[in-house]
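*Asks:* Whatever this is, show me its structure:
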Amino acid sequence: MALRSYVPVDVANLPESFEYELDNTTYQLTFDYNDEGNYFTVDIATYEGDMIVRGEKLVADRPLWVNVYDDRLPTTPLVPMDESGVSTYCGIDEFMKTMFLYEDDIDPDDEDNPTPIDVDDDDEEGDLIG
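*Replies:* Numbers count the residues shown, from 1 in each chain. Sure thing, here's the model as predicted:
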């Protein structure tokens, strides 16, 4: 059961582009796969299509765009991670199986346990469990 919301990427149909809302702003995300290097990349653009960052590599447990300073980027970190701790790489065998691109909006210093999000395959939207 996931603790965070994740970006739904269809790795069987790459490159894939779609709109995604984050921090009350709609972005255009485009995902692609490099089969020679076995890694995924993401482009982020404004809703209007103005490119912000092209070809950011997804690296396990490393927030996207950490070395890019652009006011148009979302403030909520997007981080490829495996909440179960099984995978340590974000390649074709892991991404969207055990490794997901999460909105990392859980405060690590928060003493309260976050409410898990039910991301059942039968349910298209995550429902809060409580």
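*Asks:* use CA for all of it now, contacts and neighbours both
*Replies:* Fine.
*Asks:* Which pLDDT value goes with the residue positioned nearest the centre of the chain?
*Replies:* The chain has residue 101 as the residue nearest its centroid, 2.5 Å off, counting by Cα atoms, centre = their mean. pLDDT, the model's per-residue confidence, is 97 for residue 101.
*Asks:* which helices and strands sit right next to the helix or strand harbouring it?
*Replies:* In the assignment (DSSP states H and E), residue 101 maps to strand 100-103. The elements that strand 100-103 packs onto, with contact taken as 3 or more Cα pairs under 8 Å, 6 or more residues apart in numbering; DSSP states H and E, are strand 78-81.
*Asks:* which other residues reach the strand it packs on?
*Replies:* Strand 78-81 is contacted from outside by 58-64, 87-88, 90, 99-104, using Cα atoms under 8 Å, 6 or more residues apart in numbering.
*Asks:* so how far is the biggest strand by length in the chain off the chain centroid?
*Replies:* For the chain, the strand with the greatest residue count under DSSP state E is strand 25-34. Counting by Cα atoms, centre = their mean, to the nearest Å, strand 25-34 is centred 10 Å from the centre of its parent chain.
*Asks:* helix or strand right after it?
*Replies:* Following strand 25-34 in sequence, per DSSP H and E, is strand 39-46.
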